[in-house]
Structures are given as C-alpha cells and as structure tokens.
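Q: coordinates only, sequence not included:
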Ligand SMILES: *Cc1c(COP(=O)(O)O)cnc(C)c1O
C-alpha cells in the first residue's frame with residue numbers, strides 16, 4: 001500500500017486523538033527508524049522515552065521470542081516465573097520491597113492513588129484521601145490520573161473530575177506545606193516534569209518533600225514513568241537527590257516498548273493492598289515481564305547508564321547550550337541525562353517538521369519546548385548529526 005493511502009486509512013479508521021506526523025513507521029534498529037517510503041530517521045523521540053535500548057534490541061527480541069513460544073498469558077490467580085523474576089530484579093535495584101504490575105503509566109498512577117488512600121484508612125486508620133500534586137504535572141489520561149494531572153487543558157470537557165486532589169506550584173515547598181491538611185494522605189510528584197516542559201527541581205525540593213511527608217505520615221509517591229530506568233543518568237531519578245519514596249510509578253522505559261507498568265513500594269506501604277483490593281488481568285503477564293527483565297538486565301550489564309546516559313547527556317546538553325549562545329530565540333536548555341528540553345520563544349511545531357525533513361524525529365511539548373529523549377544507546381556521532389541538523393534548521397529561522 002502506498003503511504004498516502006495508508007495515511008488516508010489511518011484518518012478514516014482511527015479516532016482522531018493524536019496530531020500525527022505524516023509518515024508511517026515500518027521498522028527500526030537501534031536509534032534508526034524507517035518509514036513506508038524507505039526513508040531513514042534518527043529517532044530522538046524513542047516512543048516518548050520508551051525505547052530505551054533503541055528499536056528491536058536483539059536481547060529483548062530473543063527474550064520475547066522465547067517467552068512467546070512458552071507462555072504468553074496466565075491469570076494472576078496463578079504465579080508465573082517472569083513476573084516473579086522481574087519483581088525481584090526491580091526490588092533488588094531500587095528502594096522498593098514490593099511490586100504491583102499493570103500495563104501503562106496511567107495505570108501505575110491509578111494504583112498509587114488507590115494505595116495511598118487505602119494505606120491511610122486501612123494501615124494508619126486515618127480517614128484521609130487527599131493527594132497533593134504539582135501544577136504542570138502529567139500523570140496520565142484515565143480519570144484518576146487525569147485528576148492528578150494539574151493542567152487545565154487536559155481537564156476541560158471531561159469534568160466532573162475525581163475529587164480529592166490539591167494542586168500546588170512545582171518546586172515550591174511552602175506551597176506544599178500550606179496545602180497539607182487533616183485530609184491529606186500523599187504527595188505525588190514527578191522528580192523531573194517531563195510533559196510539562198522538562199523542569200528539574202532545585203536540589204532541596206525532593207529532600208524537603210521527604211521530610212514533610214515523614215512529619216505528617218504522608219506517602220511520598222514519585223511518578224518515574226518518564227524519568228525511570230536510566231533516562232536521567234541514574235537508574236531512577238530519585239537517586240540524584242538521595243531521596244527514597246514510599247511508592248514509585250514506572251512504565252515507559254520499563255519494557256523497551258512492550259506495554260508494561262509497575263508500582264514499586266516499600267513493605268510498609270504495600271500492606272495497604274490485600275487480596276481483592278486491586279488487580280489487572282494483563283498486569284505482569286509473562287510476555288511483558290520477559291521484555292522487562294531483558295531490558296533491565298541489558299541496561300545494568302552493559303553499564304549503559306554510566307557509559308552512555310551520563311556522559312552523552314552532558315555532551316548533548318553542552319551542544320544544545322552552544323546553539324543557545326548563537327541563537328537568541330532559544331530561551332533555555334535544561335534537563336538531566338537524556339531527557340532534555342530546549343525552550344524557544346516561539347511555537348516549536350515548524351522546527352519539528354523541519355527536523356523531520358532533515359531525517360530526525362524530535363518532539364515538542366507545551367508548545368514551545370523541544371524535547372529530546374533518544375534511546376539510551378544513542379552515540380556521540382548521532383548526537384552530532386542531530387545538533388548539525390538543528391543548526392541548519394535554526395539558520396533558516
Ligand atoms: C507518559 C506518562 C504517564 C502516562 O503513561 P501512559 O502509559 O501513557 O498511561 C504518566 N506519568 C508520566 C510522568 C508520564 O510521562
């Protein structure tokens with residue numbers, strides 16, 4: 001089928017929920033993807049910070065092939081090996097003691113919301129339910145996660161929202177303090193706001209939140225759906241600040257492209273859930289967990305975080321800052337590891353389209369923030385290529 005017919009069918013048969021670029025991606029290898037006309041692109045979107053190991057990493061592919069031949073799905077009324085092994089691996093490599101598996105970021109956040117309310121009521125025996133979240137946050141599109149997401153543009157026309165959320169400015173401890181009351185049970189925050197424009201908090205913010213939560217017996221829930229699994233130069237972003245949460249939502253990079261989400265918690269917080277209190281039919285299925293194990297093992301065994309993310313993140317940030325010096329319309333460059341934002345003083349849509357014509361996939365969030373989140377296996381050369389393309393595009397502005 002020719003590309004224009006494919007796109008026509010896409011528009012005819014799919015709901016109109018995304019602004020899609022006019023290309024059909026058909027295959028990928030490493031940081032490169034190919035469209036239906038055989039054109040090649042360097043992928044700095046990586047499925048929105050998801051394809052951490054690039055496209056079709058051989059180790060993930062083999063793990064999936066093997067598992068698909070053995071067992072793809074069983075009910076959670078039974079145990080299955082990949083789920084147990086993946087939970088163990090996540091616990092071994094994080095602050096956590098226990099894992100609940102689901103299928104997406106929004107679902108991991110939903111699990112966190114339910115856990116926080118139930119923890120207060122069933123474990124602490126306090127009838128509290130309010131969760132403090134941050135303006136500009138993004139936690140997903142389901143009704144609970146949507147209410148947690150403190151951005152009006154996502155709420156409008158979907159009201160009434162799930163009650164029980166209070167919004168405060170990001171990175172503003174006194175605002176969080178002022179919002180705590182006798183109904184508060186948790187604080188939910190992204191360690192670095194991703195969709196909201198790549199905002200890194202000041203170094204004292206998360207430690208101070210930890211302290212505040214301890215003082216009031218609140219759960220500190222980190223939404224690491226975007227920042228987790230090496231994206232920011234640590235396996236989990238909380239490590240940058242030496243802060244341990246009570247619960248952490250994971251998804252995007254967790255399965256290198258397979259749909260899987262997880263809520264990781266301390267043993268204390270995990271007491272909130274008992275048989276019947278939460279669940280998911282597909283959550284923790286053997287196939288998704290096999291991809292998860294292969295991804296995590298590859299990240300750790302190949303030392304990808306220290307060898308690539310930390311070093312290349314700094315290199316990339318430097319290159320983008322050099323462009324900022326040259327082009328005054330670049331307002332700001334910020335980020336950590338391979339999650340980087342470049343804020344322009346105009347809408348970034350045209351830049352995204354121009355980069356596409358140059359053979360580079362990049363993203364733009366909040367209208368004016370170009371967002372770069374390449375696979376963690378990206379190379380220096382590939383980063384240079386993007387920087388050169390960006391410069392060619394900027395020159396024409
Ligand atoms: C993408 C994202 C989500 C939602 O994940 P889905 O898998 O799309 O439901 C939640 N939180 C953060 C921080 C995200 O970046």
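A: Structure's in. What do you need? Here the structure is a predicted model, which means the values were calculated and not measured.

Q: what about residue 267, neighbour count?
A: 10 (other Cβ atoms under 10 Å). All C-beta atoms are positioned from the backbone trio N, CA, C, and that covers glycine.

Q: quick one: pLDDT of it?
A: Model confidence at residue 267, given as pLDDT, is 98.

Q: Show me which residues of this structure are close to the ligand?
A: Taking Cβ under 6 Å from any ligand atom as the criterion, the chain approaches the ligand at residues 104-106, 109, 138-140, 190, 194-195, 223, 225-226, 251-252.

Q: Narrow the residues you listed to those in helices?
A: The members of these that map onto helices under DSSP state H are 105-106, 109.

Q: burial count for residue 140?
A: Residue 140 has 24 nearby residues by other Cβ under 10 Å.

Q: For the nearest residue to it once chain neighbours are set aside, which residues are in contact?
A: Nearest non-adjacent residue to residue 140, counting by Cβ to Cβ, 6 or more residues apart in numbering: residue 106, 2.7 Å away. By Cβ atoms under 8 Å, 6 or more residues apart in numbering, the residues touching residue 106 are 139-142, 145, 261.

Q: swap the cut-off to 7 Å and go again
A: 140-142, 145 (Cβ atoms under 7 Å, 6 or more residues apart in numbering).

Q: And the furthest pair within those?
A: 141 and 145 (6.6 Å; Cβ to Cβ).

Q: Show me which of the two is the more surrounded one.
A: Comparing residue 141 with residue 145 by other Cβ under 10 Å, the one with more neighbours is residue 145, at 27 against 14.

Q: Now do the helices in the stretch 101-250 of the chain.
A: 105-118, 143-148, 152-155, 173-179, 205-216 (DSSP state H, counting those that start in this stretch).

Q: Going by proximity to the ligand, name the top residue of this protein.
A: residue 105 (2.2 Å; Cβ to the nearest ligand atom).

Q: quick one, what contacts that residue?
A: 140, 225, 249, 251-252, 261.

Q: Cross those against strands and list the overlap.
A: Under the assignment DSSP state E, the contacts of residue 105 contribute 249, 261 to strands.

Q: in a strand, that's where residue 12 is, yeah?
A: No - Residue 12 sits outside any strand when classified using DSSP: H, G, I helix; E, B strand; the rest coil, being helix.

Q: how many other residues sit next to it?
A: Around residue 12 there are 7 residues (other Cβ under 10 Å).

Q: got it, and the one 4 residues further on?
A: Each residue near residue 16 was counted by other Cβ under 10 Å, and the total is 8.

Q: tell me the pLDDT at it?
A: For residue 16, pLDDT reads 97.

Q: what's around residue 301, how many residues?
A: 9.

Q: Distance of it relative to residue 294?
A: 10 Å (Cβ to Cβ, to the nearest Å).

Q: is it possible to export the contacts of residue 106 to CSV including pLDDT?
A: Shown next, in CSV, are the contacts of residue 106 (pLDDT from 0 to 100):
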residue, pLDDT
140, 98
141, 98
142, 98
145, 98
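
Q: Would you convert those into JSON lines that also reports distance to residue 267?
A: Output for these, formatted as JSON lines (distance: Cβ to Cβ, whole Å):
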{"residue": "140", "distance to residue 267": "26"}
{"residue": "141", "distance to residue 267": "31"}
{"residue": "142", "distance to residue 267": "27"}
{"residue": "145", "distance to residue 267": "25"}
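
Q: any idea which of the residues you listed is closest to residue 336?
A: Nearest to residue 336 among those is residue 140, at 21.9 Å by Cβ to Cβ.

Q: For that closest one, which residues are in contact?
A: With Cβ under 7 Å, 6+ apart, residue 140 has these contacts: 105-106, 109, 146, 149.

Q: Show me the shaky parts of the stretch 251-397 of the chain.
A: For the stretch 251-397 of the chain, no stretch has pLDDT under 70.

Q: That one: strands as residue ranges?
A: Taking DSSP state E, counting those that start in this stretch, the strands of the stretch 251-397 of the chain run over residues 261-265, 330-336, 339-344, 360-361, 363-365, 369-372.

Q: among the ones you listed, which is the most enclosed?
A: strand 261-265 (a mean of 30; mean count of other Cβ atoms under 10 Å).

Q: Tell me how many other residues crowd the residue lying closest to residue 135 once chain neighbours are set aside.
A: Spatial nearest neighbour of residue 135, excluding adjacent residues (Cβ to Cβ, 6+ apart): residue 150 at 4.7 Å. Look at residue 150: counted by other Cβ under 10 Å, it has 23 neighbours.

Q: got the domain boundaries for the chain?
A: With domains defined by automatic domain parsing, the chain comprises 3-54+304-395, 59-301.

Q: So which of these is the most surrounded?
A: It is domain 59-301: most buried of these by mean count of other Cβ under 10 Å, with a mean of 20.

Q: now that one, how far from the centre of its chain.
A: Averaged C-alpha coordinates place domain 59-301 at 10 Å from its chain's average position (Cα atoms, centre = their mean, to the nearest Å).
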